[in-house]
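**Q** Output the structure for:
(chains A and B)
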There are 2 protein chains.
Amino acid sequence: MSSPEEQAFRLLTEYSNGFMVSQVLFAACELGVFDLLAEAPEPLGAAAVAARLGTSSHGTELLLDTCVSLKLLQVETKTGKALYQNTELSSTYLVRASPKCQGNMLRYLARTTYLCWGHLTQAVRDGRNQYLEAFGVPSDQLFSAIYRSEDERLQFMRGLQDVWSVSGRPVLGAFDLSPFPLICDVGGDFFKDPLPEADLYILARVLHDWTDERCSRLLARIHGACKPGGGVLVIESLLAADGRGPLTAQLYSLNMLVQTEGRERTPAQYRALLAAAGFRHVQCRRTGGLYDAILATR
Amino acid sequence: MSSPEEQAFRLLTEYSNGFMVSQVLFAACELGVFDLLAEAPEPLGAAAVAARLGTSSHGTELLLDTCVSLKLLQVETKTGKALYQNTELSSTYLVRASPKCQGNMLRYLARTTYLCWGHLTQAVRDGRNQYLEAFGVPSDQLFSAIYRSEDERLQFMRGLQDVWSVSGRPVLGAFDLSPFPLICDVGGDFFKDPLPEADLYILARVLHDWTDERCSRLLARIHGACKPGGGVLVIESLLAADGRGPLTAQLYSLNMLVQTEGRERTPAQYRALLAAAGFRHVQCRRTGGLYDAILATR
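**A** Take a look at the predicted model:
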């Protein structure tokens, strides 16, 4: 198959099967496949994996072999027996003991985000999130929905930590932050609680949750609290100037549509919000990773 | 970003966002984006699309721009206004009026398969389908679950027709079928109903639904009904000899785990089933497309 029409059909198939690939990754994590293989002293056969995880033999073998095709596992055949072990990818990002493990974020995606996205059609119709439809939780109090149980809250928090274990360094290294000795990572109920005094306020994946109006209110509060010469560091996935890429930022913006009241924004949109709040010098830096950095000073 | 570790993280991100890409495709189809653009006499702006579909302006613009990144739409800017139209991909496969439209299959994937796959972890644990968990429908009567409503049955049937509009020609062209003047496409309640007399019986995506034991029973019935010199043409996604690919056949085999009592099989597994039922000459042909062909004669 190689005509343009056949290539287009392959791309379509890849898109329509995308959710299956996500679930193979989620299920292998959830079942503990990568942890088991990391802790085993030598590569294991499918029967041993199934026995130790308490999973079905057919389902396990199929899952392991699919992970091999996805480069999440590698296999070698010794005296006729297939033995599985982790790849660099899974050792780095999928094993609990690794400092860059993304397991909590993947579990959050599997348990919450996957279900919300089942309502994307309706979210595009309504222009608002689908928490009520997906979980029976009203969404006007956004974080009471995300934190609908203590388990869910912890899962979400741990997921955020997973993200920073990979993306923290590039965004914090995007600017020289040495002029700002006292840094406040803004959290808590930041629309109400008094803000501590600081030279730099970090808003990491905060603004993308909220409407322009609420962002303006928050930025004005920060501007008021900010020392002269101080500033704010906004960490978000930046959309391209025309809003048409990168794909990941677009998907995250749709994710905000499905789950929050916000959106991802272009550099110009952040500049406008920051300028309206009184910030003078605004610089945007793309890191090439999932998250970018915007530094604005008073 | 270009170190092996960063490349691995990109691949992981692609996998974990796969379900979002699927849903962008599903939602754009469901909302009728591609049909609207096909029927419009000229490219349309996002506001016009939103107005005609009755969808939110922000959600619509975001969905359209994400479709552009996925090559499902193309955009041109005229006097500052972005105008969208279909690509070759969407014109061929996503517009209702196209003879190769996959819309029904995509709707079936969105409404049924996506939900079943939310239970993949449990399916691998149990080694059986998750109809009861996903839909509250007992699964021991397999097709009463798939046909749980008339709407669902029609959706599934139309989806199968969509698949054959693309994959029918390659699988039927894989062998010279001229020696078989009378061909029976096996359907209905084929474990019970008498089989009509024919030179060739076609089992298209039938065996993958069933256990080896049930496949053997069905093939034995067909062998009994088959004229001397007659045969059976099995159409399925063939797994590689070692079961480790192609990825699509592996995903479809997991799909069988999640939704049926069957699996996709290797050529050797089909040969064994066919030989046990009494068929002599078994030939497997890979088409390079999603479905392959196996011809066995009595």
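**Q** List the contacts of A:Glu30.
**A** Neighbouring residues of A:Glu30 by CB atoms under 8 Å, 6 or more residues apart in numbering or on different chains: A:107, A:110, B:121. C-beta: built from backbone N, CA, C; applies to glycine.
**Q** is it possible to export these to TSV including secondary structure and neighbour count?
**A** Output for the contacts of A:Glu30, formatted as TSV (DSSP: H, G, I helix; E, B strand; the rest coil; neighbours: other CB atoms under 10 Å in any protein chain shown):
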residue	secondary structure	neighbour count
A:Arg107	helix	18
A:Ala110	helix	22
B:Thr121	helix	20
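**Q** which one among those gets closest to B:Gly54?
**A** Here the nearest of the contacts of A:Glu30 to B:Gly54, counting by CB to CB, is A:Ala110; it sits at 32.1 Å.
**Q** I figured the closest one was touching A:Phe26, is that so?
**A** Yes. Here A:Ala110 reaches A:Phe26: they are 3.8 Å apart, a contact under CB atoms under 8 Å.
**Q** For A:Ser91, give its distance to A:Glu61.
**A** Relative to A:Glu61, A:Ser91 is positioned 22 Å away (CB to CB, to the nearest Å).
**Q** what mean pLDDT would you report for stretch A:260-269?
**A** Taken as a whole, stretch A:260-269 has an average pLDDT of 96.
**Q** where does it sit relative to the chain's centre, distance-wise?
**A** 16 Å (CA atoms, centre = their mean, to the nearest Å).
**Q** now stretch A:181-201
**A** 23 Å.
**Q** distance between the ends of it?
**A** By CA to CA, to the nearest Å, the extent of stretch A:181-201 from end to end equals 11 Å.
**Q** And stretch A:165-181, by the same measure?
**A** End-to-end distance of stretch A:165-181: 23 Å, with CA to CA as the criterion.
**Q** who's in contact with that stretch?
**A** Residues contacting stretch A:165-181 (CB under 8 Å, 6+ apart): A:93, A:99-102, A:183, A:198-200, A:204, A:229-231, A:233, A:235, A:283, A:285, A:287-293, A:295, B:9.
**Q** Identify each buried residue in that stretch, please.
**A** A:165-167, A:170-172, A:174-175, A:177, A:180 (16 or more other CB atoms under 10 Å in any protein chain shown).
**Q** in which helix or strand would I find the spatially closest residue to A:Leu89 that is not a sequence neighbour?
**A** Leaving aside its sequence neighbours, A:Leu89 sits nearest to B:Ala8 (CB to CB, 6 or more residues apart in numbering or on different chains; 4.0 Å). B:Ala8 is part of helix B:4-16 when elements are defined by DSSP states H and E.
**Q** contacts for that helix?
**A** A:21-22, A:24-26, A:70-71, A:88-89, A:92-94, A:102, A:105-106, A:109, A:166, A:248, A:289-290, B:1.
**Q** Enumerate the residues of the stretch 51-200 of chain A near chain B.
**A** Contact residues (CB under 8 Å from any CB of the partner chain) of the stretch 51-200 of chain A with chain B: A:54-63, A:65-66, A:68-71, A:75, A:82, A:88-89, A:92-94, A:102, A:105-106, A:109, A:114-115, A:117-118, A:120-121, A:123-128, A:166.
**Q** among those, which ones are buried?
**A** For these, a burial check counting by 16+ other CB under 10 Å picks out A:55-56, A:58-63, A:65-66, A:68-70, A:75, A:82, A:89, A:92-94, A:102, A:105-106, A:109, A:114-115, A:117-118, A:120-121, A:123-125, A:128, A:166.
**Q** In helices, which of those residues fall?
**A** Counted as lying in helices by DSSP state H, out of those, are A:58-63, A:65-66, A:68-69, A:89, A:92-93, A:105-106, A:114-115, A:117, A:120-121, A:123-125, A:166.
**Q** low pLDDT regions in the stretch 101-250 of chain A?
**A** Across the stretch 101-250 of chain A, the ranges flagged by pLDDT under 70 are A:139-140, A:142, A:145-146.
**Q** Pop out the phi and psi values for A:Tyr291.
**A** The phi and psi torsions at A:Tyr291 (degrees, to the nearest 10) take the values phi -120, psi 150.
**Q** Next, the contact list for it, please.
**A** Per CB under 8 Å, 6+ apart, neighbours of A:Tyr291: A:163, A:167, A:170-171, A:204-205, A:235-237.
**Q** for those residues, which one is nearest chain B?
**A** Nearest to chain B among the contacts of A:Tyr291 is A:Pro170, at 8.3 Å by CB to the nearest CB.
**Q** Distance from the helix or strand where that closest one lies to the middle of the chain?
**A** Following DSSP H and E, the helix or strand that holds A:Pro170 is helix A:150-172. With CA atoms, centre = their mean as the basis, helix A:150-172 stands 8 Å off its chain's centre.
**Q** now the residue located most distally from the centre of chain A: how far from chain B?
**A** Distance from the centre of chain A peaks at A:Thr79, with 42.2 Å (CA atoms, centre = their mean). As judged by CB to the nearest CB, to the nearest Å, A:Thr79 and chain B stand 15 Å apart.
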